[in-house]
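In: output the structure for:
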Amino acid sequence: MFWNKKKILSQEELDLNTQCQAEAEQLYRSGNFNCAEAVMETARRHFATHLPESIVGSVSGFGGGSSSGCICGAVSGGTVALGLILADKKETNHLTKELHTWFKEKYGVTCCKIIRQNHKGVCPVLTGEVAGKVAEMLGRK
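Out: Numbering: from 1, shown residues only. Got it, this is the predicted structure:
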């Protein structure tokens, strides 16, 4: 099943997206979560409360571009969250592609190192934006 990208979101969906965006940014800024963990924890809290909090640790290594500066940790955390929540390979692949395309259109690249060079201090905001986008996509299912 594929979702209509052009669907008009309800006020409730917009509110959830905004809430997830703010929550993930706050988690990142707290210093207790890296970008991937903040996105995963936000998605877990709102879409998969049945998953234990410890699941967030599964994405710890993705923070800071997997500690090597490659793909953005927030995008990686969002990708893992989509897979865990949807549990359907076709849907996950579709939404992962949408997430990466959206992110690349917004920031030009998905490479953490380049993003941090071109957009100093953007990581907290970017983390929130990815969590909001993931919430938007999951809200369409």
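In: what secondary structure does residue 33 sit in?
Out: With DSSP: H, G, I helix; E, B strand; the rest coil as the basis, residue 33 sits in coil.
In: where's it relative to residue 74, distance?
Out: From residue 33 across to residue 74, the span is 11 Å (C-beta to C-beta, to the nearest Å). The way it works is simple: take the backbone N, C-alpha and C, and place the C-beta from them, glycine included.
In: so for these two, which sits in the more crowded spot?
Out: With neighbours defined as other C-beta atoms under 10 Å, residue 33 and residue 74 compare such that residue 74 has more, 36 against 23.
In: quick one, phi/psi of that one?
Out: As for residue 74, its main-chain torsions (degrees, to the nearest 10) stand at phi -60, psi -40.
In: shouldn't it be in contact with residue 125?
Out: No. Residue 74 is beyond contact range of residue 125, at 10.1 Å (criterion: C-beta atoms under 8 Å).
In: so which bits of stretch 133-141 are buried?
Out: Buried residues in stretch 133-141, defined by neighbour count with 16 or more other C-beta atoms under 10 Å: 133, 134, 135, 136, 137, 138, 139.
In: could I get the contacting residues of the third one?
Out: Counting by C-beta atoms under 8 Å, 6 or more residues apart in numbering, residue 135 touches 16, 17, 19, 20, 21, 42, 43, 46, 47.
In: and it, what's its pLDDT?
Out: pLDDT for residue 135: 96.
In: skip the chain neighbours and tell me the closest residue to it.
Out: Counting by C-beta to C-beta, 6 or more residues apart in numbering, residue 135 lies nearest to residue 20, which is 3.9 Å off, once chain neighbours are set aside.
In: was I right about the one you found contacting residue 40?
Out: No. Assessed by C-beta under 8 Å, residue 20 is found out of contact with residue 40, at 11.7 Å.
In: looking at those two, which one has more neighbours?
Out: More neighbours surround residue 40 than the other of residue 20 and residue 40, with 34 against 26 (other C-beta under 10 Å).
In: what separation do you get for residue 77 and residue 137?
Out: Taken as C-beta to C-beta, the span from residue 77 to residue 137 is 14 Å.
In: having no further points to raise, I will conclude here.
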